[in-house]
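Enquirer: return a 3D structure for these sequence lines:
(one chain, ligands or ions: 1)
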Amino acid sequence: MTRIGVLISGSGSNLQSIMDAAQAGRIDGEVVVVISNEAEAYGLIRAAECNIKTAVVKHTEYSERRDFDAKLVRILQENRVELVVLAGFMRVVSSTLLDAFPERVINIHPALLPSFPGTDGQAQAFNYGVKLAGCTVHFVDEKVDHGPIIIQAAVPVLSKDSKDDLKSRILSCEHKIFPHAIALYCAGRLRIKGRRVLIEGVDESLLAEQSLISCPGLD
Ligand code: GRF
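Expert: Below you'll find the model as predicted:
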């Protein structure tokens, strides 16, 4: 079983989906510690309700990013974490953390990267007027929302949608693909080849048939 450490900043609904999947045996791993940079993050309550150890490391108490990251690394290592999951963690991580966990840090971003990196990817996509939005799970490197992509899922943007409608459609999608990507990692099925991540033992025949994902009105 892979020992998973999850970093959060807020509501923790992705954390919940990961804890639920691990609890249900859909991930061959266990969440052993949840760390938040915000003391008030609701995700801390979710973790405590699942009897998972929590810690708060306030970024405001560190003037240097690397010292903040070094504290995170210390807690993760004390808990013998093997995979670090950024689930709505609103801080950019530095080489201090990445060097301690090479190719073992993954993140979810609420947009189809490389479009709309950074904060509020859903609103960026909505304001741009895209017809397909979505989310991306990727390995983390030193650039923001940039590392090799593990999985993406697309959702349509409907004409009646508000920004919040789109946000919640994307979030439901996040709750499906994030635990799935973590399950693939824990099963040892991911191979990083440069920028590409190959998933071993996956049947792509259906995907190959669906060459057109969304085009309303086209017969
Ligand atoms: C998610 O949309 C995630 O993609 C983004 O921040 C949000 C966190 O939501 N990075 P939650 O805390 O998991 O509910």
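
Enquirer: quick check, pLDDT for whichever residue of the chain sits closest to the ligand.
Expert: Using C-beta to the nearest ligand atom, the closest approach of the chain to the ligand is made by residue 88 at 2.6 Å. (Glycine included, C-beta is placed from N, CA and C.) Model confidence at residue 88, expressed as pLDDT, equals 97.

Enquirer: repeat for residue 219
Expert: 65.

Enquirer: do the same with residue 215
Expert: For residue 215, the model assigns a pLDDT of 72.

Enquirer: ditto for residue 210
Expert: Taking residue 210 on its own, its pLDDT is 76.

Enquirer: can you list the residues of the protein near the ligand?
Expert: 8, 10-15, 43, 87-88, 108-110, 171, 174 (C-beta under 6 Å from any ligand atom).

Enquirer: residues of stretch 116-125 that come out buried?
Expert: Residues 116, 121, 122, 123, 124, 125 are the ones in stretch 116-125 that count as buried (16 or more other C-beta atoms under 10 Å).

Enquirer: mind putting the residues you listed in TSV, secondary structure included?
Expert: Below are the buried residues of stretch 116-125 laid out as TSV (DSSP: H, G, I helix; E, B strand; the rest coil):
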residue	secondary structure
116	coil
121	helix
122	helix
123	helix
124	helix
125	helix
